[in-house]
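J.: Got a predicted model here, sequence first, then my questions.
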Amino acid sequence: MKIKILTVFTLAIALFLSACGKSDADLAKAVNDKLAAEKITGVTAVVKDGVATLTGEVGDITVKNKAEASVKSVEGIKSVTNNLTMKPLPVATPSAPDPALTAKLDDALKAAGCTGAAVAVSNGKVTVTGEVPAAKFTTCIQTIQQAGITGIDNQLKKGK
């Protein structure tokens, strides 16, 4: 009789433990479902022995932390290894040349008699090229500076 009770008790414990423990596949599905429900994209989760490993690329640290917290909240996950990386910041594209400033400087140079000087403006940087008479060289540079321009890339050449 004791053996029967012990056998039934042992079977009951074994069934209870197998019903309570989730497989890694079940945990991975639960983790991925949780991430999808919270609209966290770009994250892949793998679960091994109850440890979730997150990989992928996310927009910023907030999303990275949110993903980890979401996974930790899934019942059965023992710990989280967060290998998520952040997408690089976008590189600013250079702005188009500033035609209004270019026209203003061209007009000022013509009025000062600086024929032969050409002005290009890109990203707020003024480049002066060409060749002007030596006697007008200083006047041409001063004309640009009087327009409030600093940081000139002076490639202007003195002529004869």
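T.: Thanks, I have it.

J.: domains of this protein?
T.: Using automatic domain parsing, the domain parsing of the chain gives 21-86, 99-158.

J.: separation between the residue positioned nearest the centre of the chain and residue 55?
T.: Among the residues of the chain, the one closest to the centroid is residue 89, at 2.4 Å (Cα atoms, centre = their mean). Residue 89 is 21 Å from residue 55, where distance means Cβ to Cβ, to the nearest Å. C-beta here means a position set from N, CA and C on the backbone, and glycine is covered the same way.

J.: mean pLDDT lowest for which of the domains of the chain?
T.: Mean pLDDT across the domains of the chain is lowest at domain 99-158; the value there is a mean of 82.

J.: wait, isn't residue 64 in contact with residue 82?
T.: Yes - between residue 64 and residue 82 there is a contact under Cβ atoms under 8 Å: 6.7 Å.

J.: And the two? Which one has more around it.
T.: residue 64 (21 against 15; other Cβ atoms under 10 Å).

J.: Correct me if wrong, but the more buried one is in a helix.
T.: Yes - assessed with DSSP: H, G, I helix; E, B strand; the rest coil, residue 64 lies in a helix.

J.: Quick one: end-to-end distance for stretch 148-160.
T.: Distance between the two ends of stretch 148-160: 28 Å, counting by Cα to Cα, to the nearest Å.

J.: Tell me where the chain has strands.
T.: In the chain, the segments counted as strands under DSSP state E are 43-48, 51-58, 79-82, 85-86, 117-122, 125-132, 153-154, 157-158.

J.: Next one: residue 34 from residue 126, what distance?
T.: Taking Cβ to Cβ, one finds residue 34 at 55 Å from residue 126.

J.: Of those two, which one has the most company?
T.: Each of residue 34 and residue 126 has its neighbours counted (other Cβ under 10 Å); residue 126 has more, 21 against 17.

J.: Before I go, just wanted to say thanks for your time.
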